[in-house]
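Visitor: Below are the sequence and a predicted model for it; my questions follow.
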Amino acid sequence: MSELDGPISIEQWRKFGLAMRKHADTGDWQALGRLNELLIQALNRAGAPASPAQQQARAELRRLHAQVLAELMQARDELTREMKRFKDQQEGLAAYQLTRMSGAVDDI
């Protein structure tokens, strides 16, 4: 994505989309974040689409971006649930170990 000097071609918008999809599919969120920064710069520099083809290319990129963002939010939510399950298990295990060490298990 170092081809950001001058007008951005439809092919370059397509490459942004391919890279976005690749990083999302591999779960490389850091690379996706860096790509997003480059995309913001490119969009700011490009201004309004100059042709219907440019407009369509950006619309496709916008749809892909929304899809990847939804996937990222879903992954974040799943990680949050997984972390909560782990924490709950750790708390339960710690409580069990304390009762076992105190001998309270034999009192039940």
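Guide: In hand now; what should we look at? Numbers count the residues shown, from 1 in each chain.

Visitor: Neighbours of Ala75, how many?
Guide: 13 (other Cβ atoms under 10 Å). No exception for glycine: its C-beta is placed from N, CA and C like everyone else's.

Visitor: Setting aside sequence neighbours, what's the nearest residue to it?
Guide: Nearest residue to Ala75 in three dimensions, chain neighbours excluded: Gly27, at 7.3 Å (Cβ to Cβ, 6 or more residues apart in numbering).

Visitor: That neighbour reaches Arg76, doesn't it?
Guide: No - here Gly27 does not reach Arg76: they are 11.6 Å apart, not a contact under Cβ atoms under 8 Å.

Visitor: Kindly list the longest helix within the chain.
Guide: Criterion DSSP state H: the longest helix present in the chain is helix 52-102.

Visitor: what's the burial count for the residue nearest to Ala75?
Guide: Count around Gly27 with other Cβ under 10 Å applied: 11.

Visitor: now Ala19
Guide: Neighbour count for Ala19, taken as other Cβ under 10 Å: 17.

Visitor: Okay, and it sits in which element?
Guide: helix 10-26 (DSSP states H and E).

Visitor: Going by neighbour count, which residues in that helix are buried?
Guide: For helix 10-26, the neighbour count (16 or more other Cβ atoms under 10 Å) marks 12-13, 16-17, 19-20, 23-24 as buried.

Visitor: Can you name the element that comes right after that helix?
Guide: Following helix 10-26 in sequence order, the next helix or strand is helix 29-46 (DSSP H and E).

Visitor: what packs against that following helix?
Guide: In terms of contacts (3 or more Cβ pairs under 8 Å, 6 or more residues apart in numbering; DSSP states H and E), helix 29-46 is packed against helix 10-26, helix 52-102.

Visitor: quick one: contacts of it?
Guide: 1, 4, 7-8, 12, 16, 19-20, 23-24, 58, 61, 65, 68, 72 (Cβ atoms under 8 Å, 6 or more residues apart in numbering).

Visitor: how far is that helix from where the chain is centred?
Guide: Computed by Cα atoms, centre = their mean, to the nearest Å, the separation of helix 29-46 from the middle of its chain amounts to 13 Å.
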